[in-house]
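Peer 1: turn this into a model:
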Amino acid sequence: MKTRDVMNAECRYCAPGDSVVDAAKLMADEDFGAVPIAENNRLVGMLTDRDIVVRGLADGRDAAQTKIGDIMSGEIYYCYDDQDIEDVAANMGEMQVRRMPVVNRDKRLVGMVAIGDLARQAPGANVAGEALGEISRPAA
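Peer 2: Residues are numbered from 1 along each chain as shown. Predicted coordinates:
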């Protein structure tokens, strides 16, 4: 099974020049804890609820004035839409992430995949359980 078969293709994203408040509202409205950051449909970063708290609010930044590009994670973990889900799950476990942006081979953002998507769509394969075991282990 390929990532495109289990991913959420209705991927919402923000731009680096958007305010942190814009991202926080999107996260609240859509009930997710991370949003991809893209320019011209090309993935340039990720912003998590933790980024907002640790790199934004804890540093005393004004969320309405702070741009996403100032606090987003520049290190991006992503997968391809034509990758086997077993490989994606293994990568999620190794990198200890619960969700990943999905890009096509032109590196255009086409969706998001979460550990829950793997569990729901491929329950017999146990790829989600194995990945979750790795994600949950204490970081070195």
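Peer 1: hang on, residue 107 packs against residue 40?
Peer 2: No - Residue 107 lies out of contact with residue 40 (CB atoms under 8 Å); the separation is 10.8 Å. Any C-beta I mention is one placed from the backbone N, CA and C, and that applies to glycine too.
Peer 1: neighbour count: the two, which is higher?
Peer 2: residue 107 (12 against 8; other CB atoms under 10 Å).
Peer 1: how much space between residue 29 and residue 22?
Peer 2: Going from residue 29 to residue 22 by CB to CB, to the nearest Å gives 11 Å.
Peer 1: so residue 74 sits against residue 51, correct?
Peer 2: No - the pair residue 74 / residue 51 is not scored as a contact, 10.6 Å apart, by CB under 8 Å.
Peer 1: neighbour-wise, which of the two wins?
Peer 2: Neighbours per residue (other CB under 10 Å) separate residue 74 from residue 51, with residue 51 holding more: 19 against 9.
Peer 1: report the beta-bridge partners for the most centrally placed residue in the chain.
Peer 2: The chain has residue 100 as the residue nearest its centroid, 4.0 Å off, counting by CA atoms, centre = their mean. Per DSSP bridges, residues listed as beta-bridge partners of residue 100: residue 113.
Peer 1: what about residue 35, which SS state?
Peer 2: The three-state assignment at residue 35 reads strand, by DSSP: H, G, I helix; E, B strand; the rest coil.
Peer 1: ok, it - contacts?
Peer 2: Applying CB atoms under 8 Å, 6 or more residues apart in numbering, we find residue 35 in contact with 12-14, 23, 26-27, 46-47.
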